[in-house]
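**Q** Just the structure for this:
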Amino acid sequence: MTHEVIIAGAGPAGVAVAARLAQLGRAGRVLMLDRFHFPREKPCGGALTGHAEPVMAALELELRVHSWPCPDARVRFGEFERVVAMGRPVQVIRRREFDADLVAQVRARGVEVVEGEGVEEYEATPDGVLVTTSRGRRLRAEVLVGADGAASVVRKQLAGIGAAGNGEREANGREIPHRLFQIEMELAAGSQPPTMLYDFTPMAHGLRGYLWIFPVPGQLVNLGLMHYPTRDEAKRRGGRELVELLRAGLVDHGVALPARGTRGWPVWGYHPGRPVSAPRVLAVGDAAGIDGLTGEGIAVAMEQAIVAGDAIDSALRQRRFGFAGYRRALRRAVVGRELALDRRLARMLYDTEHWLDWLALVLRDPDVIEMYARRVDGTEVLADQKLRLVRALCRHLVRRGSRRRELGRASGLALFSTPA
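**A** Numbering: from 1, shown residues only. Just a heads-up that it's a prediction; the model follows:
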């Protein structure tokens, strides 16, 4: 076979798998395909959380593009606001520049990258994987990696393998995606870049998620929101409704959303029971699932890629391509444990009529918000802080009534009297 590994997608997930395989001496036997040409636009918040720095170092990848360091984060709900210091600054980048430079780095290591050609379909056989590309080429490899994002061809085929009930699903079994909308805008002349902001105020108006404002290099700001895939159909929001929630939320911050330019996209939250592999095939990054609580995907993808790269190297050495243990390895890794915990927290916060109770715990308990800040800056593993979380929950059971009333009043709405 010409290639040992074909990687579908040259974003951070695909590049990180290629980088890991290059470290293991396989660079010249890896082919990475992407249907776009770099640099290309990519809707994203662009925040490299604290986990990104050590995982990039482990992969010998460098942050060589301009970034904006955010040493603090503002967390807001109505009139309530708290500034949290980050132990390690969150670096905000522009994906157009960041992704293109990552591709250049793995190319320099000998990985073949073909742009403007994506994976259209594939067939796994006992002898290898037959891949059909958007250019009509038919390629063979030992292993196929699905790093081709939320619309992943690999993910769709793997999803048909999984048992119904995995993930957030409608009654008919169809999975429900997270919805994100984002736009990048220039700062007004003379304006100072804002502190990184997570604003939960739109939850009082029907959003099940948060609005963000991140400073970006070049006197720009990255604005957007995330909406969780609630199982209650009445609480779901369409694209127009979400754009209007973004528009209304930005008014509080003195920002006028342009009539055009906002981009929306669906993404899938990580579920520890969802299939992420099959014989000779595995998925990473958005194709395997993002952080359901925050929508984070870049550092998550790179952390998953190390697990994937090691599994591929082992399979090639042992000539055993079942990848039966890959999902378990992801789940047991730090990234999998964090994602599984965040999935549970997301359902508690976003997918219940008692969301204000849980938001009051997150915002009003100083230890909880401190723990999550350490999770974001990468200096602690939140999944290892279960005792602290239980203690915080016990405190909250005593104080939740007063905390809920205080937070309800901060919203300016009568949320403290009736659940929303």
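**Q** where along the stretch 101-250 of the chain do the strands fall?
**A** According to DSSP state E, counting those that start in this stretch, the stretch 101-250 of the chain carries its strands in the segments 112-115, 119-125, 128-133, 138-146, 178-186, 196-199, 209-216, 220-227.
**Q** For the fourth one, what is the distance to the chain centroid?
**A** Spelled out, that is strand 138-146. The chain centroid and the centroid of strand 138-146 are separated by 25 Å under CA atoms, centre = their mean, to the nearest Å.
**Q** Quick one, which of the strands of the stretch 101-250 of the chain gets closest to Arg263.
**A** Arg263 lies closest, by CB to CB, to one member of these: strand 178-186, at 5.8 Å. Any C-beta I mention is one placed from the backbone N, CA and C, and that applies to glycine too.
**Q** Give me the contact list for the closest one.
**A** 43-45, 94, 209, 216, 219-229, 237, 239, 242-243, 246, 255, 257-258, 261-269, 290, 292, 295 (CB atoms under 8 Å, 6 or more residues apart in numbering).
**Q** What's the mean pLDDT across that strand?
**A** Mean per-residue pLDDT for strand 178-186: 95.
**Q** Quick one, which of the strands of the stretch 101-250 of the chain gets closest to Val153.
**A** Per CB to CB, nearest to Val153 of the strands of the stretch 101-250 of the chain: strand 119-125, 5.4 Å.
**Q** In helices only, show me the contacts of strand 178-186.
**A** Among these, the ones falling in helices (DSSP state H) are Gly239, Leu242, Val243, Leu246.
**Q** residues in contact with the residue positioned nearest the centre of the chain?
**A** The centroid of the chain falls nearest to Gly297 when counting by CA atoms, centre = their mean (2.3 Å). By CB under 8 Å, 6+ apart, the residues touching Gly297 are Cys44, Val267, Gly285, Asp286, Ile290, Asp291.
**Q** Output the ones in helices among the contacts of strand 178-186 in a markdown table; the columns should cover pLDDT and distance to Ser402.
**A** Formatted as a markdown table, the ones in helices among the contacts of strand 178-186 follow (pLDDT from 0 to 100; distance: CB to CB, whole Å):
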| residue | pLDDT | distance to Ser402 |
| --- | --- | --- |
| Gly239 | 90 | 38 |
| Leu242 | 95 | 32 |
| Val243 | 96 | 36 |
| Leu246 | 97 | 31 |
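**Q** tell me the two of these that are most distant?
**A** With CB to CB as the measure, no two of the ones in helices among the contacts of strand 178-186 lie farther apart than Gly239 and Leu246, at 10.6 Å.
**Q** Have a look at those two and say which one is more surrounded.
**A** Leu246 (24 against 12; other CB atoms under 10 Å).
**Q** what's the burial count for the closest residue in space to that one that isn't next to it in sequence?
**A** Leaving out its chain neighbours, the residue that sits closest to Leu246 by CB to CB, 6 or more residues apart in numbering is Leu225, at 5.0 Å. Neighbourhood size, Leu225 [other CB under 10 Å]: 26.
**Q** could you list every residue that touches Leu225?
**A** Leu180, Phe181, Pro202, Leu207, Gly209, Tyr210, Leu211, Trp212, Leu242, Leu245, Leu246, Gly249.
**Q** mind running it again at 7 Å?
**A** Phe181, Pro202, Leu207, Gly209, Tyr210, Leu211, Trp212, Leu242, Leu245, Leu246 (CB atoms under 7 Å, 6 or more residues apart in numbering).
**Q** so the fifth one touches Thr201, yeah?
**A** No. Applying CB atoms under 7 Å as the test, Tyr210 and Thr201 come out as separate, 8.7 Å apart.
**Q** With neighbour numbers in mind, choose between the two.
**A** Neighbour totals were compared for Tyr210 and Thr201, and Tyr210 leads with 27 against 24 (other CB under 10 Å).
**Q** What residues sit buried inside the strand ranked longest in the chain?
**A** In the chain, taking DSSP state E as the definition, the longest strand is strand 80-92. Within strand 80-92, the residues scored as buried using 16 or more other CB atoms under 10 Å are Phe80, Val84, Met86, Arg88, Pro89, Val90, Gln91, Val92.
**Q** any chance of the residues you listed in JSON lines, plus distance to Gln105?
**A** As requested, those are exported to JSON lines (distance: CB to CB, whole Å):
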{"residue": "Phe80", "distance to Gln105": "43"}
{"residue": "Val84", "distance to Gln105": "32"}
{"residue": "Met86", "distance to Gln105": "26"}
{"residue": "Arg88", "distance to Gln105": "22"}
{"residue": "Pro89", "distance to Gln105": "22"}
{"residue": "Val90", "distance to Gln105": "21"}
{"residue": "Gln91", "distance to Gln105": "16"}
{"residue": "Val92", "distance to Gln105": "20"}
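**Q** out of those, who's nearest Val368?
**A** Distances from Val368 to those, taken by CB to CB, are shortest for Val84, at 11.0 Å.
**Q** ok, and the closest non-adjacent residue to that closest one?
**A** Nearest non-adjacent residue to Val84 (CB to CB, 6+ apart): Ala373, at 4.4 Å.
**Q** Name the surrounding residues that touch the helix or strand where that neighbour lies.
**A** Assigned by DSSP states H and E, Ala373 belongs to helix 366-377. Defining contact as CB under 7 Å, 6+ apart, one finds that helix 366-377 is touched by 49-50, 73, 75, 82, 84, 86-88, 90, 338, 361-363, 380, 382, 385, 388, 392.
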